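Visitor: below: sequence and its predicted model.
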Amino acid sequence: MKNRHLLLAAAIGVAVLSLAACKKDAAPDAATPATTAAAPAESADQFVARVNAEYKAMYPEMTSAQWLSSTYINDDSARVAAKANERWLTVLNGWIEQANTYDGQPMSADTARAISLLKLMTSMPAPRDPQKLAELAGIATKLEGDYGAGTYCVGEGDKQNCRQLGDLEQVLARSRDYDKQLDAWQGWHSTAVPSRANYQRFVELVNEGARELGYSDAGQMWRSGYDMPADQVGPETDRLWDQVKPLYEQLHCYTRAKLDKEYGKDKAEVAGGMIAAHLTGNMWQQDWSNLWDMTAPYPNAGSLDITAALEKQYQTNLSASLRKLDGNADVSARFKAQREAELATAKQMTERAQDFYVSLGMPKLPESYWQNTQFIKPLDRNVVCHASAWDMNMGGDGKDIGADVRTKMCITPNEENFTTIYHELGHIYYDLAYNPLPPLFQGGANDGFHEAIGDTIVLAMTPKYLNSIGLVGAQQESREATINAQMRMAMSGVSFLPFGLMIDRWRWGVFDGSIKPDQYNQKWWELKAQYQGVAPAGARGEEFFDAGAKYHVPGNTPYLRYFLARILQYQFYKGLCDASGYTGPLNECSFYGNKEAGQKFWAMLSKGSSQPWQATLKELTGEEKLDAAPMLEYFAPLQEWLKQQNEGQMCGWQAAAPAAAPTAPTAPATQAKAG
């Protein structure tokens with residue numbers, strides 16, 4: 001998901017074994033019994049060694065089942081995935097039960113860390129009761145499958161028009177017709193309504209599982225995976241939000257003014273100065289880059305229209321495919337040529353992304369990647385199009401020998417998809433780097449690390465780099481060109497920041513009970529108002545389940561990782577720019593082709609989760625604390641420019657009282673005059 005992007009199997013999770021929204025976890029062989037007690041003589045070190053071996057052997061079944069359930073959505077694949085999840089969770093519960101018997105016993109430092117990570121392996125803690133465990137696995141699979149199959153239909157009979165998420169997203173991205181955009185937004189959100197009851201039951205079951213593991217609720221368990229006390233995670237992320245909030249507010253103010261001009265203030269704004277949710281060019285208001293046509297600061301200061309360049313590439317491929325046909329080719333043959341061009345374009349986009357990683361000294365993707373990846377949306381079946389990266393077998397020698405890695409996307413030739421590919425390959429290269437480690441250490445230093453890898457590369461996609469690969473023209477060295485480039489990044493990255501916080505703020509409240517089932521929608525929109533300054537154009541009562549219209553909620557993927565990744569990527573970026581010897585303005589740095597930076601990056605990736613993230617961060621950046629200062633340094637030219645543009649305007653917004661945050665105080669939204 002792009003964030004975009006970032007996809008986890010419904011049942012598998014956080015910390016060690018998740019790929020931070022893009023990696024799927026494993027399941028035991030069908031014949032493998034749940035491991036609840038080993039021989040009394042088995043030491044803690046022996047226990048961890050056995051779990052590592054068994055886990056790696058079990059892994060391919062779960063990933064294969066999950067892959068099928070996401071790329072062939074039907075009752076059969078859902079049944080197979082649910083049973084694989086059920087078997088896996090049964091084994092995991094047994095391992096955790098035995099791991100608890102080693103508390104206080106002597107063991108190596110690596111074993112102690114492995115046991116700690118084992119206890120936090122899943123984002124979906126399952127009850128020990130076999131019937132409830134099976135129920136949970138089934139609900140999780142259904143929630144994800146229903147999301148993937150979501151379809152909005154209007155009309156009847158031969159005149160019925162049905163659209164899935166990708167088609168509806170295109171309306172928001174490309175249309176500037178207020179009513180058509182509203183219809184597409186409302187249509188997609190209507191598909192989540194049937195999932196509300198299942199999600200409520202899902203919460204009850206995972207909370208029961210979390211309590212059996214010693215946590216107060218599933219949210220507290222999620223917050224325990226950051227090498228710090230769980231009750232510090234909320235305040236720490238609030239500290240980071242306080243650093244970046246002024247930049248977001250300036251961007252919000254500028255964008256709102258542009259929307260007012262395009263649609264009229266009466267339509268673009270909702271009471272209190274909030275932006276109408278369906279007008280940001282994105283279904284969830286998390287990425288505003290599709291508004292570039294109306295927000296570009298200096299339209300004549302060089303072209304940064306990557307989407308136009310990619311569409312031109314597709315048209316070139318289509319022309320080549322059509323030339324192969326007889327002039328009298330029928331409609332079917334022409335359609336086949338179109339599909340051929342779509343696939344060729346998607347692969348070319350992916351090859352460009354691979355080239356960046358290879359330029360740093362990293363290996364090429366294995367041939368199996370190109371054979372097994374889902375590049376474009378199939379025509380014959382429902383699939384989950386949400387972008388994700390998969391390590392299927394935990395194999396490989398640190399390069400590509402023995403590895404089965406792949407991505408799953410429905411690529412179309414536009415800028416958002418292009419940068420998403422770079423992001424997803426970040427997950428894949430993290431896999432390849434740490435796969436030589438024991439399986440329990442094959443994961444990100446924390447889940448935010450996994451999301452930040454590819455996005456660090458995206459930051460290095462400067463206008464000069466884009467020009468070097470033929471996507472934009474030569475960029476004039478000017479203040480205007482700099483502001484254009486910064487705005488392009490901000491409309492994607494800065495706009496995302498509050499969204500990255502509010503989803504888990506909502507779920508923490510759902511898990512701890514401060515948000516009741518009959519308040520799901522109310523509190524969702526209160527938090528979106530508080531953090532993002534957006535609101536629906538019309539009333540959204542409890543008959544809706546708008547949280548369920550975002551994949552990561554029915555897919556049970558913790559979301560704080562994406563916010564942390566936005567902070568970390570700038571810290572990583574600055575560290576790699578320093579390693580490359582770069583000394584100019586941070587926002588102009590690209591380490592493309594720099595082997596010194598690549599070697600340092602690969603060294604960090606190779607550590608996986610074998611040590612606390614603070615140590616891993618320090619090795620790359622020299623700092624062991626999360627800090628938004630590099631992000632603010634990067635955007636300093638844009639922030640000053642935005643203040644000038646917003647001078648005299650009433651920036652900020654008024655929001656209703658926020659939902660209670662279970663672990664962190666929330667500050668009320670403010671309204672202030674810019675300049």
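Guide: Good, I have the coordinates.
Visitor: and Tyr357, what does it touch?
Guide: With contacts defined as C-beta atoms under 8 Å, 6 or more residues apart in numbering, Tyr357 is in contact with Leu425, Tyr429, Ile457. Heads up, the C-betas are built off the backbone N, CA and C, glycines and all.
Visitor: mind checking how far Leu310 is from Gly148?
Guide: 25 Å (C-beta to C-beta, to the nearest Å).
Visitor: of the contacts of Tyr357 - the most surrounded one?
Guide: Greatest neighbour count in these, by other C-beta atoms under 10 Å, goes to Ile457: 27 neighbours.
Visitor: pull the contacting residues for that one.
Guide: Contacts here follow C-beta under 8 Å, 6+ apart; on that basis Ile457 touches Phe356, Tyr357, Tyr422, His423, Leu425, Gly426.
Visitor: now do 6 Å
Guide: Ile457 sits next to Phe356, Tyr422 when contact means C-beta atoms under 6 Å, 6 or more residues apart in numbering.
Visitor: the one helix or strand it maps to: what's the following helix or strand?
Guide: Using DSSP states H and E, Ile457 sits in helix 447-459. Sequence-wise, the next helix or strand downstream of helix 447-459 (DSSP H and E) is helix 463-468.
Visitor: what does that next one contact?
Guide: In this structure, residues lying in contact with helix 463-468 by C-beta under 6 Å, 6+ apart are Val472, Ala474, Gln475, Ala485, Ser590, Tyr592.
Visitor: same thing but 10 Å
Guide: Applying C-beta atoms under 10 Å, 6 or more residues apart in numbering, the contact partners of helix 463-468 are 302-304, 306, 309, 356, 418, 462, 471-477, 481-482, 484-485, 488, 588, 590-593.
Visitor: average pLDDT across it?
Guide: Helix 463-468 carries an average pLDDT of 90.
Visitor: okay, now the unreliable bits of the chain?
Guide: 1-41, 302-303, 327-328, 397-401, 476, 656-675 (pLDDT under 70).
Visitor: need the helices for the stretch 501-650 of the chain, in chain order.
Guide: Taking DSSP state H, counting those that start in this stretch as the criterion, the stretch 501-650 of the chain contains helices spanning 520-527, 560-579, 595-606, 613-621, 629-634, 636-645.
Visitor: hey, which of those is tucked in deepest?
Guide: helix 560-579 (a mean of 25; mean count of other C-beta atoms under 10 Å).
Visitor: so what does that one touch, helix or strand wise?
Guide: helix 233-263, helix 415-434, helix 447-459, helix 479-512, helix 595-606, helix 613-621, helix 629-634 (3 or more C-beta pairs under 10 Å, 6 or more residues apart in numbering; DSSP states H and E).
Visitor: same list, those helices, but as JSON lines with distance to Met650 please.
Guide: Listed next are the helices and strands packed on helix 560-579 as JSON lines, based on distance: least, C-beta to C-beta, whole Å:
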{"stretch": "helix 233-263", "distance to Met650": "8"}
{"stretch": "helix 415-434", "distance to Met650": "31"}
{"stretch": "helix 447-459", "distance to Met650": "32"}
{"stretch": "helix 479-512", "distance to Met650": "19"}
{"stretch": "helix 595-606", "distance to Met650": "44"}
{"stretch": "helix 613-621", "distance to Met650": "38"}
{"stretch": "helix 629-634", "distance to Met650": "24"}
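Visitor: what about stretch 43-55, distance to the chain center?
Guide: With C-alpha atoms, centre = their mean, to the nearest Å as the basis, stretch 43-55 stands 31 Å off its chain's centre.
Visitor: quick check: Tyr582 touching Thr462?
Guide: No - applying C-beta atoms under 10 Å, one finds Tyr582 not in contact with Thr462, separated by 11.0 Å.
Visitor: now for those two: what residues contact both?
Guide: Glu588, Cys589, Ser590.
Visitor: which stretches in the stretch 201-350 of the chain count as strands?
Guide: 269-270, 274-276 (DSSP state E, counting those that start in this stretch).
Visitor: strand partners (parallel or antiparallel) of the longest one?
Guide: It refers to strand 274-276. Sheet pairing for strand 274-276, assigned by DSSP bridges, gives strand 269-270 (antiparallel), strand 534-535 (parallel).
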